[in-house]
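Participant: build me a structure from this.
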Amino acid sequence: MPADHWVTEPLISVVVPVRDGAGYLERCLASLFASEFPSFEVIVVDDGSKDQSAAIARQFPCAVIETMRPRGPAAARNVGAGTARGAILFFLDADILIQPDSLGIVAAKVSANPDVAALFGSYRAETLPPNFVSRYKNLLHHHTHQTSCEEASTFCSGFGAIRKEAFEELGGFNPDCRFLEDVEIGYRMQRRGMRVRLCKDLQLTHCKRYSLKTLVHSDVFGRAIPWTRLMLENRIFRSDLNTQWHNIISVPVACLLPAACAVPEQPYVFGGLLAAFLALNARFLRAAYKHDGFAFMLGASALCWFGYIYSAVGLAAGVGAHLLNLRKARMGSEAGVPDPERS
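Facilitator: Here you go, the predicted model:
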């Protein structure tokens, strides 16, 4: 770690929000200050941590901002961006490690594409936690991003860069979004005609450890439900990232598989559905096999199927929440109460 790192006019301002991240923040900051690209500053926003996150951040040559109480990642990122001096804001989660050339890639891509407002990368195929669920989730994320369209309709604030002028024009992240604030700002960028690119050679290491319980909770309450609501509210539907056509078709196929077991006299129904499910997800399962062998691929197949099952539950809950919100807005309009989303 360098004893000092102060750049008078940094090109990139790295904003790292953290809450109770003492277990991985030090490695995140160490990776930043091992960067080969010199023109950057680091701003750590401690969002009401109860551990030693702020003390750890102060061991590094970076600015540290502490909030009085937890305000959520969107608000924390806005606070950091408000003090940034760089023309490029690079938002980085505290449980992610960059590569020595990562900031250089960001600077080069932004410079070479003046019409691009923002860009983001993906996780590397390898992850630090050795348990199966973490390895599966990380590889799925890596594969999804590496096989998606480079012209994106969303954004990723875990490892995403945005021009400061574009960020200020948008008014920053929506602090009311406790989940998927990056997708929400990505949709706003799309509505304004701002281009967002998926940079596939910007790959970083994820340190987050998942259990089956935390995976399901995160995917349902932090992704499926709020993402469904965002898509319906913004009327943006694209075959990209987690909503590629094979993902959409896999949901009903996965849900029908258990039902097919109830008709043992017609085994071809189950066999046909299983073959369809494996074919729809063949690219990812081949990647799982190449990454960690046959046993890992078998486990990935089962967890992939289960993922579509609980995603279907999240999808239904998201649609229901959206319809309920529409009904409340309609009733408020009829009663003469203004819709807060339109004010």
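Participant: contacts, neighbours, all on C-alpha from now
Facilitator: Noted.
Participant: break the protein down into its domains, please.
Facilitator: Using automatic domain parsing, the domain ranges for the chain come out as 12-210, 242-334.
Participant: looking at those domains, which one has the lowest mean pLDDT?
Facilitator: For the domains of the chain, mean pLDDT drops lowest on domain 242-334, to a mean of 89.
Participant: could you dump the domains of the chain into a markdown table with distance to residue 219 and mean neighbour count added?
Facilitator: Shown next, in a markdown table, are the domains of the chain (distance: least, CA to CA, whole Å; neighbours: other CA atoms under 10 Å):
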| stretch | distance to residue 219 | mean neighbour count |
| --- | --- | --- |
| domain 12-210 | 10 | 20 |
| domain 242-334 | 7 | 16 |
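Participant: would you list the ones you listed in TSV and tack on distance to residue 221?
Facilitator: Formatted as TSV, the domains of the chain follow (distance: least, CA to CA, whole Å):
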stretch	distance to residue 221
domain 12-210	8
domain 242-334	7
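Participant: and those domains: which comes nearest residue 231?
Facilitator: domain 12-210 (8.8 Å; CA to CA).
Participant: that closest one: end-to-end distance?
Facilitator: Using CA to CA, to the nearest Å, the end-to-end distance of domain 12-210 comes out at 31 Å.
Participant: same question, stretch 123-130
Facilitator: Terminal-residue distance, stretch 123-130 (CA to CA): 15 Å.
Participant: report the distance from that stretch to the chain centre.
Facilitator: Between the centre of stretch 123-130 and the centre of its chain there are 15 Å (CA atoms, centre = their mean, to the nearest Å).
Participant: before we move on, what about stretch 34-46?
Facilitator: For stretch 34-46, the distance to the chain centre is 21 Å (CA atoms, centre = their mean).
Participant: do the same with stretch 218-231
Facilitator: With CA atoms, centre = their mean, you get 11 Å for stretch 218-231.
Participant: can you give me the buried ones in it?
Facilitator: Using 16 or more other CA atoms under 10 Å as the test for burial, stretch 218-231 gives 219-231.
Participant: distance of residue 109 relative to residue 121?
Facilitator: With CA to CA as the criterion, residue 109 and residue 121 are 11 Å apart.
Participant: can you list contacts of stretch 317-325?
Facilitator: Residues from elsewhere that reach stretch 317-325 (CA atoms under 8 Å, 6 or more residues apart in numbering): 224, 225, 226, 227, 228, 229, 232, 233.
Participant: dump the residues you listed into a markdown table; add distance to residue 326 as well.
Facilitator: Below are the contacts of stretch 317-325 laid out as a markdown table (distance: CA to CA, whole Å):
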| residue | distance to residue 326 |
| --- | --- |
| 224 | 19 |
| 225 | 16 |
| 226 | 15 |
| 227 | 16 |
| 228 | 14 |
| 229 | 11 |
| 232 | 11 |
| 233 | 10 |
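Participant: let me have those in TSV, adding distance to residue 210 and pLDDT as columns.
Facilitator: Output for these, formatted as TSV (distance: CA to CA, whole Å; pLDDT from 0 to 100):
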residue	distance to residue 210	pLDDT
224	17	90
225	19	92
226	20	89
227	20	87
228	23	89
229	25	89
232	29	88
233	30	85
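Participant: among those, which one lies nearest to residue 38?
Facilitator: residue 227 (36.6 Å).
Participant: give the contact list for that closest one.
Facilitator: 180, 183, 318.
Participant: which other helices and strands contact the helix or strand hosting the second one?
Facilitator: In this structure, residue 183 is located in helix 181-191 according to DSSP states H and E. Helix 181-191 makes packing contacts with helix 164-170, strand 195-206, helix 225-234 when contacts are defined by 3 or more CA pairs under 8 Å, 6 or more residues apart in numbering; DSSP states H and E.
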